[in-house]
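Student: Here is a sequence together with a model predicted from it:
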Amino acid sequence: MIMSRTLLVVFGMLFCAAAQADVDKHARNLAASCSACHGTGGNSEGGMPVLAGLDKVLFVNQMKDFKSGARPATVMHQHAKGYTDEEFELLADFFSAQKRH
């Protein structure tokens, strides 16, 4: 009986961890394309804005402005057009959680 409860708890914890990993993995995968210009984890080495630790609302609003053309850009308006509002939210969550270096 104790062994059954222990297994149930362990499997429950693994299931929750796997569900969380999927969310984080998807956000991380979305953010991977940003690293070419904005650095790993959003920590630019210079020349490009640092995204790490950026406020979520600010990030989402800027991305929406790039997408609509309200914010001028050289290439960001093209990148932003490839994302949904939900993906902007995932990216905002990912980058806001990153430590600035």
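Tutor: Thanks, I have it. Numbers count the residues shown, from 1 in each chain.
Student: rest of the way, CA atoms for contacts and neighbours
Tutor: Fine.
Student: And for Asp85, the neighbour number?
Tutor: With neighbours defined by other Cα atoms under 10 Å, the count for Asp85 comes to 14.
Student: quick one, what contacts it?
Tutor: Applying Cα atoms under 8 Å, 6 or more residues apart in numbering, one finds that Asp85 lies in contact with Val60, Lys64.
Student: measure it to Gly46 for me?
Tutor: For Asp85, the distance to Gly46 (Cα to Cα, to the nearest Å) stands at 27 Å.
Student: Also Ala80?
Tutor: Between Ala80 and Gly46 the distance is 21 Å, computed by Cα to Cα.
Student: After the least confident helix or strand in the chain by mean pLDDT, heading C-terminal, what element do we hit next?
Tutor: Ranking every helix and strand in the chain by mean pLDDT, DSSP states H and E puts helix 2-32 at the bottom, with a mean of 59. Under the assignment DSSP states H and E, the closest C-terminal helix or strand after helix 2-32 is helix 35-38.
Student: which residues touch that following helix?
Tutor: Helix 35-38 is touched from outside by Gly41, Gly42, Ser44, Glu45, Met48, Pro49, Val50, Leu51, with contacts defined as Cα under 8 Å, 6+ apart.
Student: Likewise for stretch 61-68?
Tutor: Counting contacts by Cα under 8 Å, 6+ apart, the residues outside stretch 61-68 that touch it are Arg71, Pro72, Ala73, Met76, His77, Gln78, His79, Ala80, Lys81, Asp85, Phe88.
Student: so can I have a markdown table of those residues showing distance to Asp55 and secondary structure?
Tutor: What follows is the contacts of stretch 61-68, written out as a markdown table (distance: Cα to Cα, whole Å; DSSP: H, G, I helix; E, B strand; the rest coil):
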| residue | distance to Asp55 | secondary structure |
| --- | --- | --- |
| Arg71 | 18 | coil |
| Pro72 | 20 | coil |
| Ala73 | 20 | coil |
| Met76 | 18 | helix |
| His77 | 20 | helix |
| Gln78 | 22 | helix |
| His79 | 20 | helix |
| Ala80 | 18 | helix |
| Lys81 | 21 | coil |
| Asp85 | 16 | helix |
| Phe88 | 12 | helix |
